[in-house]
Each structure stands twice: as structure tokens, then as C-alpha cells.
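Engineer: no sequence for this one, just the structure:
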């Protein structure tokens with residue numbers, strides 16, 4: 001096996017193939033290694049996501065000493081999925097394979113597929129063992145949004161997109177099968193080892209499933225009423241680690257230190273749920289007397305028109321309205337309420353994952369957020385003298401790898417001053433500048449991703465993965481930002497300049 005560090009929070013283990021992945025993953029889980037938060041199996045790799053500060057060398061030695069037997073995942077049930085084959089890439093796939101559109105359909109339905117592993121997004125199963133003639137590359141220009149239920153091909157795999165998300169697979173059809181349902185046990189329809197048989201449906205008989213709408217609800221007497229949200233407002237805590245093998249990422253606050261500070265000010269546990277606000281604009285009305293605090297980007301706040309402090313305790317009486325203006329620096333402001341935002345937890349967390357749509361929905365005007373009971377501890381200080389986010393060029397420390405050899409000059413990442421694109425979000429910070437030259441336009445087999453990964457798509461302009469990044473990806477990661485600098489990256493605004501400093 002080959003060990004490839006991913007910054008200071010991941011270790012990518014490369015093996016011969018999927019059989020070794022299954023055996024090694026089982027052995028790692030059985031060993032219960034210290035510091036390992038998540039195990040992410042993929043096509044030829046197993047990613048270990050670890051606690052910041054973990055000794056990656058010692059972990060590598062522990063992994064190297066494990067004994068395991070290569071083999072397939074246990075056989076599962078056969079699942080039949082009905083598909084309408086009218087995808088936008090069907091004709092192109094027919095040309096690429098030489099089969100024609102009808103031949104692609106025959107090949108896709110003619111051989112049972114097998115679930116190799118689950119990744120990218122909740123319920124997104126990578127299906128292998130299908131017809132070898134359907135091995136086509138991903139699109140050079142990934143779509144920013146793929147409709148839920150879309151059936152795709154890429155790199156010898158087939159898959160169904162459980163929910164709307166970005167994606168670069170070749171789309172050949174659509175289905176109304178529900179791939180992910182949080183009320184089901186297990187939530188994912190397709191489990192490793194299961195067989196999948198696709199069946200052609202007559203055109204027009206299948207409709208795409210509607211996205212489930214999850215709006216937080218509560219009693220106005222006890223909570224906060226959302227009057228306006230600005231660009232975006234979401235509920236966040238510190239995330240849900242440990243579910244990556246099912247395609248569920250950690251998510252959580254993009255600027256973790258800011259949420260922790262706001263919670264400490266109101267004497268909440270650091271992992272209590274608060275509200276993450278992008279570029280100000282939030283307005284909330286208190287249903288009862290509440291103690292709140294803001295941290296992160298300094299959005300000028302007022303209560304019924306009277307200015308109140310940032311990084312400071314603020315008392316709201318029943319009926320009073322707190323409004324946040326636009327911050328002069330930084331991007332994300334965090335509002336903590338004493339008692340925490342008490343929306344229902346999903347897989348152990350109240351975080352909103354905007355990519356996978358796990359957790360509460362993005363907040364909208366009219367939502368009422370319940371607030372939990374006040375903790376026994378009392379606030380200790382009124383104001384925290386903490387530095388504000390940087391307004392000029394921001395330097396992020398990063399380590400090369402694990403796929404730095406996929407670009408001609410990996411050090412060019414640090415020699416370029418990049419500009420943050422307006423297309424950035426909680427999934428990733430898109431960077432604009434002189435494109436990095438890739439040595440090969442080919443794809444890598446899908447493998448696990450960590451927060452802070454700097455991925456280079458075929459166009460050469462990097463994407464820095466943030467809190468809601470996909471669990472797996474198929475573009476090379478040339479560097480990984482250190483965990484200590486992730487919070488700085490979370491406050492980057494569109495148009496702001498970024499430099500990388502490579503460290504060993």
C-alpha cells in the first residue's frame with residue numbers, strides 16, 4: 001500500500017483495487033485506531049480523516065501493521081431501478097462508445113451492476129461490474145446543477161444522483177427511485193455489495209422526485225422568528241463526522257472558531273447550534289427574553305434601531321428585533337442564542353449541508369426557530385477582544401499532495417496570487433488566476449476528500465473545498481490547507497486576493 005498525507009487532517013491509503021479497499025476498510029474499523037474520525041472507502045483508496053494534530057506517521061505505521069484479506073463487500077439484495085433514457089448526454093455517449101443511443105440503453109440494462117462504494121453525496125452509490133463498453137470520461141466542464149434522479153456514467157461506473165448537486169458525469173436518463181430517505185433504516189437505498197438492475201421505462205412514465213422540504217418549526221413564545229435572511233442564513237453546529245462511508249459529509253460551521261466564540265459568550269456548549277449568516281442582512285424577532293451574541297464578520301447590529309456590540313452580550317426582550325448590516329470585512333457572521341437553536345438533529349447534528357441537503361433547510365422569511373433551555377452556567381464576560389477577519393490579501397498555509405504530481409509545477413500554486421470568484425459557496429472557494437498546467441487530462445479514480453483540499457479540474461483554476469464539500473471526487477488534489485487556516489478561508493469574500501504558503 002502507498003500512504004499519501006492530506007494536509008494535517010487526512011491520510012490517503014492507495015491499494016491495488018476495490019477488493020483491497022473492502023478488506024482494508026473493515027480492518028481499520030475493527031482496529032478502532034486513535035484519532036480517526038472517519039473512514040472513506042473509494043475505488044482504489046481508503047481515506048482516514050483524523051483529528052487535527054494527530055500523528056500521521058504513527059497512524060501510517062499502525063495501518064501498515066494491519067492484517068486483512070482482500071475481497072468483495074458481502075453480497076446484498078438485488079434492487080431494480082426503472083429509468084427513462086432521455087438524458088442530455090445519451091447521444092454523445094452513443095458516439096463515444098460507438099454503440100449509438102439505443103446500444104447504450106441495451107448495454108446499461110443488459111448487465112446487473114454492483115455497488116462498489118458510496119460517496120460524493122448521501123446515497124450516491126458507485127456501481128461497477130457493468131458493461132465494459134460504457135467506460136466514458138467525465139465531462140470537461142462539469143454542470144453546476146444536476147437534477148435529482150439523473151442516471152449517469154463516468155470512468156467505468158454508473159450512478160444515480162439522489163439530489164440536485166453539481167456533477168460532471170455523462171447523463172443518460174432519469175428515475176424516480178428514492179436513493180436517500182432519512183426516515184428509512186438504512187437511509188441509503190443502495191448498500192455496498194448490492195446488485196442493481198436498470199429497467200427501461202416508456203418515455204413520459206417516470207417523473208423526478210420532489211426535493212423534501214424541511215423547514216424548522218417552533219413556538220414563537222420560545223424562539224426566534226426570521227424576518228429576513230440576507231444572501232443566505234443557515235443553522236450550523238460543529239457538524240456530523242463519521243458518516244462519510246454513506247456519502248454524508250461532516251458539514252458544520254464554515255468558521256468554527258467564530259461559532260465557538262459566540263457560544264462561549266452566551267455560556268453555551270461550543271457545539272451548540274447557531275445561525276451562520278452570509279454578508280449580513282439577517283433580521284430576527286425574539287419570542288421571549290433572550291441573550292445572544294455575534295462573532296465572525298463584524299456585521300453592524302442593532303436592536304430596534306439602537307446599535308449593539310459585536311463579540312458582545314446582547315439582551316433581547318420579547319418582541320424586539322435584531323438586525324445585522326453588511327460587514328466591512330469578512331463574509332460570515334455567527335449568531336448564538338443562549339440555549340442554542342433547537343431544531344431536530346439529523347444523524348447527530350443540526351447543521352445544514354447545502355450540497356447534500358441533509359439537516360434543516362436553508363432559512364426563509366417566516367421560519368420560527370425553537371430555542372433550547374438555558375444552560376446552568378452563566379456568561380463570564382460582556383465583550384471579547386478578538387481580532388476581526390482580514391480585509392486584504394489572505395495567506396493560507398498548505399501542504400503539497402496527495403496528487404501534486406498531476407500538475408507540471410506544483411509550486412506554481414504558491415507563486416500565483418489568486419482571486420476569490422463570486423461563484424464560491426459553502427461547498428468550495430473557486431479561485432481565478434493563471435491556470436495550473438496539468439500533466440494529464442485523464443481522470444483519477446474517485447477518492448475521498450478532506451476540508452481544505454485544493455482540487456484542480458481540467459481548466460486549471462483551483463477549487464478550495466470547504467465545509468460542505470463532496471465526500472469523494474475525481475479531480476486531483478494538489479495541496480491541502482492546514483486545519484488551523486480553514487477558518488480564515490471561510491471568511492474570504494468574492495474579489496479578495498489569496499496566496500498559498502507551502503509548508504512541510
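Structural biologist: Happy to help now that I have it. Nothing here was measured: the structure is a model prediction, and the numbers come from that model. Numbering: from 1, shown residues only.
Engineer: show me the residues around residue 163 that make contact.
Structural biologist: Applying C-beta atoms under 8 Å, 6 or more residues apart in numbering to residue 163 gives the contacts 121, 122, 148, 180, 211, 356, 357. All C-beta atoms are positioned from the backbone trio N, CA, C, and that covers glycine.
Engineer: nope, residue 317 is what I meant
Structural biologist: So residue 317 contacts 286, 289 (C-beta under 8 Å, 6+ apart).
Engineer: And residue 420, by the same measure?
Structural biologist: Contacts of residue 420 (C-beta under 8 Å, 6+ apart): 429, 430, 431, 432, 492, 493, 494, 495, 496, 497, 498.
Engineer: Show me the beta-bridge partners of it.
Structural biologist: Beta-bridge partners recorded for residue 420 (DSSP bridges): residue 431.
Engineer: Distance of it relative to residue 328?
Structural biologist: Remark: distance between residue 420 and residue 328 (C-beta to C-beta, to the nearest Å) = 16 Å.
Engineer: what do you get for residue 155?
Structural biologist: Here residue 155 is placed at a distance of 45 Å from residue 328 (C-beta to C-beta).
Engineer: more neighbours, those two?
Structural biologist: residue 155 (18 against 12; other C-beta atoms under 10 Å).
Engineer: From residue 443, how far off is the more buried one?
Structural biologist: 6 Å.
Engineer: now the contacts of residue 163 as a markdown table including pLDDT and secondary structure?
Structural biologist: What follows is these, written out as a markdown table (pLDDT from 0 to 100; DSSP: H, G, I helix; E, B strand; the rest coil):
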| residue | pLDDT | secondary structure |
| --- | --- | --- |
| 121 | 85 | coil |
| 122 | 90 | coil |
| 148 | 92 | coil |
| 180 | 91 | strand |
| 211 | 42 | coil |
| 356 | 84 | coil |
| 357 | 87 | coil |
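Engineer: Need the buried ones from those residues selected in ChimeraX.
Structural biologist: With 16 or more other C-beta atoms under 10 Å as the criterion, this ChimeraX line picks the buried residues out of the contacts of residue 163:
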select :121,122,148,180,356,357
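Engineer: And the contacts of residue 163, which is closest to residue 53?
Structural biologist: Set against residue 53, the nearest of the contacts of residue 163 by C-beta to C-beta is residue 356 (27.6 Å).
Engineer: give me phi/psi at the closest one?
Structural biologist: Main-chain dihedrals, residue 356, degrees, to the nearest 10: phi -90, psi -10.
Engineer: gap between it and residue 325?
Structural biologist: Separation of residue 356 from residue 325 (C-beta to C-beta) stands at 31 Å.
Engineer: where in this protein is pLDDT low?
Structural biologist: Scanning the chain for pLDDT under 70 picks out 72-75, 203-222.
Engineer: quick one, domains of it?
Structural biologist: 2-64, 78-200, 224-369, 394-502 (automatic domain parsing).
Engineer: Any chance of JSON lines for those domains, columns distance to residue 71?
Structural biologist: Conversion of the domains of the chain to JSON lines gives the following (distance: least, C-beta to C-beta, whole Å):
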{"stretch": "domain 2-64", "distance to residue 71": "6"}
{"stretch": "domain 78-200", "distance to residue 71": "10"}
{"stretch": "domain 224-369", "distance to residue 71": "17"}
{"stretch": "domain 394-502", "distance to residue 71": "19"}
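Engineer: for those domains, which one sits closest to residue 386?
Structural biologist: Here domain 224-369 is closest among the domains of the chain (C-beta to C-beta), at 5.5 Å.
Engineer: Please, where are all the helices along the stretch 51-200 of the chain?
Structural biologist: Along the stretch 51-200 of the chain, counting by DSSP state H, counting those that start in this stretch, helices occupy 56-64, 90-97, 100-110.
Engineer: just so I know, which of the ones you listed lies nearest residue 474?
Structural biologist: Using C-beta to C-beta, the nearest of the helices of the stretch 51-200 of the chain to residue 474 is helix 90-97, at 17.0 Å.
Engineer: and that closest one, how far out from the chain's middle?
Structural biologist: The chain centre lies 31 Å from the centre of helix 90-97; the measure is C-alpha atoms, centre = their mean, to the nearest Å.
Engineer: Mind listing residues that contact it?
Structural biologist: Taking C-beta under 8 Å, 6+ apart as the rule, helix 90-97 contacts 99-105, 107, 133-134, 136, 153, 170-173.
Engineer: hmm, 10 Å instead?
Structural biologist: The contact list for helix 90-97 (C-beta atoms under 10 Å, 6 or more residues apart in numbering) reads 87, 89, 99-105, 107-108, 131, 133-137, 139, 151-153, 170-173.
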